[in-house]
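Q: quick one, what's the 3D model for this:
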Amino acid sequence: MTTGPLLLQNGQPHPLLANAFNDNRHPRTCLCIGPRKRLILATVDGRNANAQGMNLHELTSLMRWLGCRDAINLDGGGSTTLWIQTIGQGSQGVVNYPSDSKKWIHTGERPVSNVLLIR
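A: Numbers count the residues shown, from 1 in each chain. Presented below is the predicted three-dimensional model:
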């Protein structure tokens, strides 16, 4: 599973190298430990007129704003997809707008071999 770089450690921004991956806006996926040790998963859409994505400096700032202590960037770009099943309400599916279809639709996800499943 592709992860990294680390964004926050003990509430402090982790140093990020100056390069296109870190400095350009892309769809992003991030995991962090928030207030009261709650897990926060963040998905940022991008590559569309409706959503520009974030660079990793912006994503780090967002995670700090959410009160995260530790945060890591996960695989992003066209792999950025958030699928949710709402137990007891019968609702499930992709809730963001994956960029691979080049359209602003929920069904543009990329086939991937790895997922992060939280139950």
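Q: before we move on, what's the pLDDT of the residue of the chain most remote from its centre?
A: In the chain, the residue that sits farthest from the middle, by CA atoms, centre = their mean, is G88; the gap is 25.7 Å. In this model, G88 is scored at 76, pLDDT.
Q: and it, how close does it get to L39?
A: G88 is 20 Å from L39, where distance means CB to CB, to the nearest Å. C-beta here means a position set from N, CA and C on the backbone, and glycine is covered the same way.
Q: is L8 in a helix, a strand, or coil?
A: The local conformation at L8, judged by DSSP: H, G, I helix; E, B strand; the rest coil, is strand.
Q: quick one: the helices in this structure?
A: With helices called from DSSP state H, the chain shows them at 20-23, 56-65.
Q: residue closest to the middle of the protein?
A: The central residue of the chain, meaning the one whose C-alpha is nearest the mean C-alpha position (CA atoms, centre = their mean), is T29 at 1.5 Å.
Q: who wins for proximity to V94 among the helices of the chain?
A: The stretch from the helices of the chain with the least distance to V94 (CB to CB) is helix 56-65; that distance is 20.4 Å.
Q: mind listing what's buried along the closest one?
A: For helix 56-65, a neighbour-count test (16 or more other CB atoms under 10 Å) marks L56, L59, T60, L62, M63, R64 as buried.
Q: kindly export that helix (C-alpha atoms) in CSV.
A: In CSV, the C-alpha atoms belonging to helix 56-65 read as follows (Å, rounded to 0.1, in the frame of the first residue of the first chain):
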residue,chain,number,x,y,z
LEU,A,56,0.7,18.5,0.9
HIS,A,57,1.4,21.8,2.7
GLU,A,58,-2.3,22.7,2.4
LEU,A,59,-3.4,19.2,3.5
THR,A,60,-1.1,19.5,6.5
SER,A,61,-2.7,22.8,7.5
LEU,A,62,-6.2,21.2,7.1
MET,A,63,-5.2,18.3,9.4
ARG,A,64,-3.9,20.8,12.0
TRP,A,65,-7.1,22.8,11.8
